[in-house]
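**Q** Okay, predicted coordinates and the sequence, questions at the end:
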Amino acid sequence: MFEFKGKVAVVTGGSSGIGVLFSHALAARGCDIVLLARRKEKLEENAENIRNQYGVKCLPLSCDVTDSARVRECKDAVWEEFHRCDILINCAGVGHNDWALELTDEKWLATMDVCLNGVFYCAREFASLMKENYYGRVINISSMLGGIALDRTFGRGICEYSAAKGGVINLTRQLANEWAPYGITVNCLSPGFFASEQSPVGQEWFDDFIHTWCPMKRPGKNHELDAAIVFMASEEASYMTGQNLIIDGGWSCT
């Protein structure tokens, strides 16, 4: 159960954060990995680590997910290398911290471009490979913020990120409906606060905020999302599609 030998997973946002963690979780179970992100040096470093630790293939591809033509080129590179794509995990994301009244058009559009448009571009291209084999697992990474709002005591705005992540959840439902006849499941994972380059986790001011609002009184730890990703990416999850799984320490239940 939950073996991935012979499978190929494409992971966007593969240069840092949960994209790297998810890549390791699948590679540890025999999955070959394709890492997509903009920072080529980080990709090369991460790919080498994965190859050395797990003995699987790992292909790093520099990619800006907001560039649909480049996403298409990466899809072609994956087909040339592996002749298949079984799993896509859409992790790439960005956000700004301006209050809505001060948020510029440029920042709004930049967040939408990465967090929503990029998810669609990657899903569209790599699902076309999945359709060839009548099999696929698309996992879109949203956020608990796609379904709830943060209290103003958070101290910063987050409306464009919340709007984009809410869009990801409903995009997931619609793609699941459209692609079910092709053997492709499409599901969504919505984490709470986990450490990353953009997350406030680890900053002193945030400790008080999360202690007030999160029932578990803490952020998520590394690998507390692994079981969910492994399950949703597996063959055993064949009857689950269009779902949004929230892992947030109970935040959204309050």
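**A** Nice, thanks for sending it over.
**Q** how about the helices in the stretch 151-254 of the chain?
**A** Listed in chain order, the helices of the stretch 151-254 of the chain (DSSP state H, counting those that start in this stretch) span residues 159-179, 204-213, 226-233.
**Q** Using a markdown table, please lay out those together with distance to Ile148.
**A** In short, each C-beta sits where N, CA and C put it, glycine included. Putting these into a markdown table (distance: least, CB to CB, whole Å) gives the following:
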| stretch | distance to Ile148 |
| --- | --- |
| helix 159-179 | 8 |
| helix 204-213 | 10 |
| helix 226-233 | 19 |
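**Q** Run a quick neighbour tally on Thr153.
**A** For Thr153, the neighbour count with other CB atoms under 10 Å is 9.
**Q** which non-adjacent residue is nearest it?
**A** The shortest distance from Thr153 to any residue that is not its chain neighbour, by CB to CB, 6 or more residues apart in numbering, is 6.4 Å, and that residue is Phe209.
**Q** cool, Glu44 as well?
**A** Pro60 (5.5 Å).
**Q** I figured the one you found was touching Asn49, is that so?
**A** No - Pro60 is not in contact with Asn49 according to CB atoms under 8 Å; the separation is 10.9 Å.
**Q** how about the strands in the chain?
**A** Taking DSSP state E, the strands of the chain run over residues 8-12, 32-37, 58-62, 87-90, 136-141, 184-191, 244-247.
**Q** gap between the closest residue to Gly167 other than its chain neighbours and Asn90?
**A** Spatial nearest neighbour of Gly167, excluding adjacent residues (CB to CB, 6+ apart): Leu116 at 4.7 Å. Remark: distance between Leu116 and Asn90 (CB to CB, to the nearest Å) = 10 Å.
**Q** Kindly state the pLDDT recorded for the most far-flung residue of the chain relative to its centre?
**A** What lies farthest from the middle of the chain is Leu101; by CA atoms, centre = their mean that is 28.7 Å. Among the per-residue scores, Leu101 holds a pLDDT of 95.
**Q** count of neighbours near Gly250?
**A** For Gly250, the tally of surrounding residues (other CB under 10 Å) stands at 13.
**Q** who are the neighbours in contact with it?
**A** Neighbour list for Gly250: 214-216 [criterion: CB atoms under 8 Å, 6 or more residues apart in numbering].
**Q** want to try a markdown table for the helices of the stretch 151-254 of the chain, with mean pLDDT and mean neighbour count as columns?
**A** Formatted as a markdown table, the helices of the stretch 151-254 of the chain follow (pLDDT from 0 to 100; neighbours: other CB atoms under 10 Å):
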| stretch | mean pLDDT | mean neighbour count |
| --- | --- | --- |
| helix 159-179 | 97 | 19 |
| helix 204-213 | 86 | 13 |
| helix 226-233 | 97 | 20 |
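**Q** for those, which one sits closest to Phe193?
**A** Ranking those by distance to Phe193, with CB to CB as the measure, places helix 204-213 first at 6.4 Å.
**Q** distance between the closest one and the chain's centre?
**A** The offset between the C-alpha centroid of helix 204-213 and the centroid of the whole chain comes to 25 Å, using CA atoms, centre = their mean, to the nearest Å.
**Q** Likewise for stretch 13-27?
**A** Distance of stretch 13-27 from its chain centroid, counting by CA atoms, centre = their mean, is 9 Å.
**Q** Just the CA trace of it, in CSV.
**A** Taking Å, rounded to 0.1, in the frame of the first residue of the first chain, the C-alpha atoms of stretch 13-27 are listed here in CSV:
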residue,chain,number,x,y,z
GLY,A,13,7.3,25.3,-5.9
GLY,A,14,10.0,22.7,-5.8
SER,A,15,12.8,25.0,-4.6
SER,A,16,11.7,25.4,-1.0
GLY,A,17,9.0,24.9,1.7
ILE,A,18,6.3,22.3,1.5
GLY,A,19,7.1,21.6,-2.2
VAL,A,20,10.4,20.1,-1.1
LEU,A,21,8.8,18.2,1.8
PHE,A,22,6.2,16.7,-0.5
SER,A,23,8.9,15.7,-3.0
HIS,A,24,10.8,13.8,-0.3
ALA,A,25,7.6,12.1,0.9
LEU,A,26,6.9,10.7,-2.5
ALA,A,27,10.5,9.9,-3.4
